[in-house]
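A.B. asks: Show me the folded form of this:
(2 chains)
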2 protein chains.
Amino acid sequence: MSADPAPPPVIVLVRPQLGENIGKAARAMLNFGLTEMRLVTPRDGWPNPSAGPAASGADIVLEQAQVFDSVADAVADCAQVYATTVRKRGVTKPVVTPERAATDIHAARGRSAILFGPERSGLETDDVALARTIITVPINAEFGSLNLAQAVILVAYEWSKGTVLASPPETELPDPAPHEELEGMILQLDAMLEAAHFFYPPDRTPVTKRTLRTLLTKPGWSSQEVRTFRGVLSALAGAKKAKPPPQS
Amino acid sequence: MSADPAPPPVIVLVRPQLGENIGKAARAMLNFGLTEMRLVTPRDGWPNPSAGPAASGADIVLEQAQVFDSVADAVADCAQVYATTVRKRGVTKPVVTPERAATDIHAARGRSAILFGPERSGLETDDVALARTIITVPINAEFGSLNLAQAVILVAYEWSKGTVLASPPETELPDPAPHEELEGMILQLDAMLEAAHFFYPPDRTPVTKRTLRTLLTKPGWSSQEVRTFRGVLSALAGAKKAKPPPQS
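C.D. replies: Predicted coordinates for the structure are as follows:
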């Protein structure tokens, strides 16, 4: 699923409180291709019946989730440990954005783990001490209110940008029409406007024609769209020639 | 709040169903500095008593939300209209990622609007037809399950990256100690290890010392950390000199 040598990061929920939030975190993860969840002493035990419905189908993440007694055990096999926290703490570790962390995780040798704290209180200082790097989501200083699943989704989303899975969507945009088709359309309109005495006074004609040409070149219409527009012009030309409908 | 000339985008919820989701969308917006929400014919009317609790304090967004009868009315004053949708449709418009859209919105002349469809069905083809550009979040092809608030938060988050508000967090990392302090520490350890006959055989000594120097240079310790480590060394040196505690 990933294009780089480093395996996808492990998401570690440290002492999560509500099963519903564990389910939402699983859903957030799977949306962006992360499947490995680890739980450190979930408050209400595990499995938790509230998790499944909240996962909206991301059951595989919950089924494979592993439970650990300590953060140290949960990250024992990980070479890089990140702690997500919003609060400034008295720890002297590098603080990075989710974007920067994602780049580093893809480039890392070995597996990375990302710690997320309990819903209400966040990670403890002792949890953060196990991490080499802190991830902080830059947020509105006057209203920072990210819940657990939202923090997980932002980190997972940034990670997914570096994967094959999340390559930019196909635009499916048809090619712009070749120039001669555009030219034919412009000449058709020109002829119609000449006939309608649109170009007046004569010394303004070149400027006006250039304006129209710019206007019609701008959309980058496809061949189909050029044909449609020429059909519109023909219909308008026909309407002018046709007799008005009989009045009742 | 924004560093660029373009005003922050308007978030347009088209025919939203649940008040709770409107509240969650408001919370998602305000986290990343977006405040202008517009509602097109919300199913259960407006105001909706379920919205407030779900907004978790983002009341200002709900209080200022405006209600419109049609999408066209809701975006009447916007120069750029984006439609968020996951499904491929038979419309020939450019499809961009939230990241790309955010860059374009910051660079745009005039205000942008971003349309989000109803929870269950998403935007109708007629809604999409009003937009110039489609935003699609690249997602796990086997599990795409983004809810309304999650789609809003990803788009708002990407937009916030281009704002002053979301400048990278202060790292608060102390400067690495000046070289002379590092050198003093290394010499102290060297002297201790010499005394302990650590460097053996003699012809390996330069390599071993270089290895230790590399190891101690790598962390980039601050002056405080160098002092702490020297304290550790002094304590170890003192322990060796001190007599062992009396055996009971």
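A.B. asks: Any chance you could list what contacts the helix or strand harbouring A:L215?
C.D. replies: Take DSSP states H and E as the rule and A:L215 turns out to sit in helix A:205-217. Applying C-beta atoms under 8 Å, 6 or more residues apart in numbering or on different chains, the external contacts of helix A:205-217 come out as A:182, A:185-186, A:189-190, A:193, A:198-199. All C-beta atoms are positioned from the backbone trio N, CA, C, and that covers glycine.
A.B. asks: Relative to chain B, how far out is A:R43?
C.D. replies: As for A:R43, its distance to chain B is 21 Å (criterion: C-beta to the nearest C-beta, to the nearest Å).
A.B. asks: List the contacts of that residue.
C.D. replies: Listed by C-beta under 8 Å, 6+ apart, the contact partners of A:R43 are A:15-18, A:118.
A.B. asks: domain assignment for chain A?
C.D. replies: In the domain annotation for chain A, the residue ranges read A:10-160, A:179-241 (automatic domain parsing).
A.B. asks: pLDDT at the residue nearest to the spatial centre of chain A, what is it?
C.D. replies: With distances taken as C-alpha atoms, centre = their mean, chain A has A:Y157 as the residue nearest its mean C-alpha position (6.9 Å). Per-residue confidence (pLDDT) for A:Y157: 96.
A.B. asks: Which residue comes closest to it once chain neighbours are left out?
C.D. replies: A:F32 (5.2 Å; C-beta to C-beta, 6 or more residues apart in numbering or on different chains).
A.B. asks: mind listing the helices for chain A?
C.D. replies: Along chain A, the stretches classed as helices by DSSP state H are A:19-31, A:51-55, A:59-64, A:71-74, A:98-107, A:125-129, A:148-160, A:179-195, A:205-217, A:223-241.
A.B. asks: would you list the ones you listed in CSV and tack on distance to A:R43?
C.D. replies: What follows is the helices of chain A, written out as CSV (distance: least, C-beta to C-beta, whole Å):
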stretch, distance to A:R43
helix A:19-31, 9
helix A:51-55, 12
helix A:59-64, 16
helix A:71-74, 15
helix A:98-107, 26
helix A:125-129, 15
helix A:148-160, 13
helix A:179-195, 66
helix A:205-217, 64
helix A:223-241, 59
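A.B. asks: For A:V71, give its distance to A:G110.
C.D. replies: Counting by C-beta to C-beta, to the nearest Å, the gap between A:V71 and A:G110 amounts to 18 Å.
A.B. asks: Show me which of these two is the more surrounded one.
C.D. replies: Neighbours of A:V71 and A:G110, each counted by other C-beta atoms under 10 Å in any protein chain shown, are more numerous for A:V71; the result is 26 against 11.
A.B. asks: And the more buried one, how close does it get to B:Y157?
C.D. replies: For A:V71 relative to B:Y157 (C-beta to C-beta), the value is 27 Å.
A.B. asks: do A:A113 as well
C.D. replies: Using C-beta to C-beta, one obtains 23 Å as the distance from A:A113 to B:Y157.
A.B. asks: ditto for A:P42
C.D. replies: Counting by C-beta to C-beta, the gap from A:P42 to B:Y157 is 27 Å.
A.B. asks: Same check on A:D73?
C.D. replies: 32 Å.
A.B. asks: now chain A, which segments are flagged as low pLDDT?
C.D. replies: For chain A, applying pLDDT under 70 flags the ranges A:1-5, A:87-91, A:165-173, A:239-248.
A.B. asks: Let's see that with 50 instead.
C.D. replies: Under the criterion pLDDT under 50, the flagged ranges of chain A are A:1-3, A:168, A:248.
A.B. asks: ok, now which ones touch A:S160?
C.D. replies: A:32-34, A:166, B:138-140.
A.B. asks: Tell me the one of those nearest A:T125?
C.D. replies: Taking C-beta to C-beta as the measure, A:L34 is the one of those closest to A:T125, at 26.5 Å.
A.B. asks: Wait, that closest one touches A:I153, no?
C.D. replies: No: here A:L34 does not reach A:I153: they are 10.0 Å apart, not a contact under C-beta atoms under 8 Å.
A.B. asks: Who has more neighbours out of the two?
C.D. replies: A direct count of neighbours by other C-beta under 10 Å for A:L34 and A:I153 places A:L34 higher, at 28 against 25.
A.B. asks: what's the closest non-adjacent residue to that one?
C.D. replies: Setting aside the residues directly before and after it, A:L34 is nearest to A:A156 in space (C-beta to C-beta, 6+ apart), at 5.0 Å.
A.B. asks: What of A:Q188?
C.D. replies: For A:Q188, the nearest residue in space outside its immediate sequence neighbours is A:L233; the separation is 5.5 Å by C-beta to C-beta, 6+ apart.
A.B. asks: Neighbours of that neighbour, how many?
C.D. replies: Once other C-beta under 10 Å is used to define contacts, A:L233 is seen to have 16 neighbours.
A.B. asks: you'd agree the residue nearest to the centre of chain A is up against B:A151?
C.D. replies: No: taking C-beta under 8 Å as the definition, A:Y157 is not a contact partner of B:A151, at 11.0 Å.
A.B. asks: residues bridging contact with these two, i.e. touching both?
C.D. replies: Once C-beta under 8 Å, 6+ apart is applied, the residues that A:Y157 and B:A151 both contact turn out to be B:V137.
A.B. asks: Could you see whether chain B lies near stretch A:102-110?
C.D. replies: No: where contact is defined by C-beta under 8 Å from any C-beta of the partner chain, no part of stretch A:102-110 touches chain B; the two come within 12.2 Å at best.
A.B. asks: Excluding its own residues, what touches that stretch? List them.
C.D. replies: Counting by C-beta under 8 Å, 6+ apart, stretch A:102-110 makes contact with A:2, A:4-6, A:9, A:78-80, A:82, A:96, A:112, A:133, A:155, A:158-159, A:161-162, all of which sit outside it.
A.B. asks: Can I get that stretch as CSV, trimmed to CA atoms?
C.D. replies: Coordinates of the C-alpha atoms in stretch A:102-110 are reproduced here as CSV (Å, rounded to 0.1, in the frame of the first residue of the first chain):
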residue,chain,number,x,y,z
ALA,A,102,4.6,12.4,7.7
THR,A,103,7.6,13.2,5.5
ASP,A,104,10.0,12.0,8.2
ILE,A,105,8.0,8.8,8.8
HIS,A,106,8.2,7.9,5.1
ALA,A,107,11.9,8.5,5.1
ALA,A,108,12.6,6.8,8.4
ARG,A,109,14.4,3.6,8.7
GLY,A,110,12.2,1.3,10.7
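A.B. asks: So which bits of that stretch are buried?
C.D. replies: For stretch A:102-110, burial by neighbour count (16 or more other C-beta atoms under 10 Å in any protein chain shown) applies to A:102-106, A:108.
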